[in-house]
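> the sequence and its predicted three-dimensional model are supplied below.
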Amino acid sequence: MIPRKHKDILQSVIDKHGFDKGFAEDAVSFFWSEVRKNLSDLTYHTIAVSRFGMFSIKYWKIDEFVDSYRKFLDKAETMSFREMTYKVAMEKQYNSFLEMKKKYDIEMGRKEEKKKIRQEYEHTKVMGEQIQDNGGSPEQCNQEG
């Protein structure tokens, strides 16, 4: 289902370019299904869509998935033959999560480094001469007593 805002944009594109409405709806559905697929398959950790924003994986969920998959794979010795068929798919998904976690850690390290450089720049910036404010008007500050 396409949200109302997207329907308005879709209608304006149809009117402007003269596309068939069914074709335009199929194109939009295909686009959003590809965005969802790339995020759910862990192909990309973040996808930027012009005029819509950034779509990214919930990184706190990666740790939960890694833990649950690790628990499942640790009990692989006690699995039945039928459960072993799932093990192969689980190992592939587990490795995908580990790879995405590595990418996330690299990205977070890059962001922290950028933040550190920005903070160092802010501290070294010359802010001009600061004067002490004792409160009151300038005339009161210059009076003695």
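Thanks, I have it. Numbers count the residues shown, from 1 in each chain.
> residues touching the most centrally placed residue in the chain, list them.
Centre of the chain computed as the mean C-alpha position; nearest residue by C-alpha atoms, centre = their mean is residue 56, 3.0 Å away. Residue 56 sits next to 39, 45, 46, 47 when contact means C-beta atoms under 8 Å, 6 or more residues apart in numbering. All C-beta atoms are positioned from the backbone trio N, CA, C, and that covers glycine.
> gap between it and residue 84?
34 Å (C-beta to C-beta, to the nearest Å).
> would you confirm that residue 55 belongs to a strand?
Yes: when DSSP: H, G, I helix; E, B strand; the rest coil is applied, residue 55 is found to be in a strand.
> break this structure down into its domains, please.
1-57, 58-123 (automatic domain parsing).
> could I get the ones you listed as CSV with mean pLDDT?
Converted to CSV, those look like this (pLDDT from 0 to 100):
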stretch, mean pLDDT
domain 1-57, 78
domain 58-123, 82
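> among the contacts of residue 56, which are in helices?
residue 39 (DSSP state H).
> just checking, residue 91 touches residue 73?
Yes: taking contacts as C-beta atoms under 8 Å, residue 91 lies within contact range of residue 73: 6.5 Å.
> ok, back up a step: partner residues bridging the residue nearest to the centre of the chain?
Bridge pairing for residue 56 (DSSP bridges) gives the partners residue 46.
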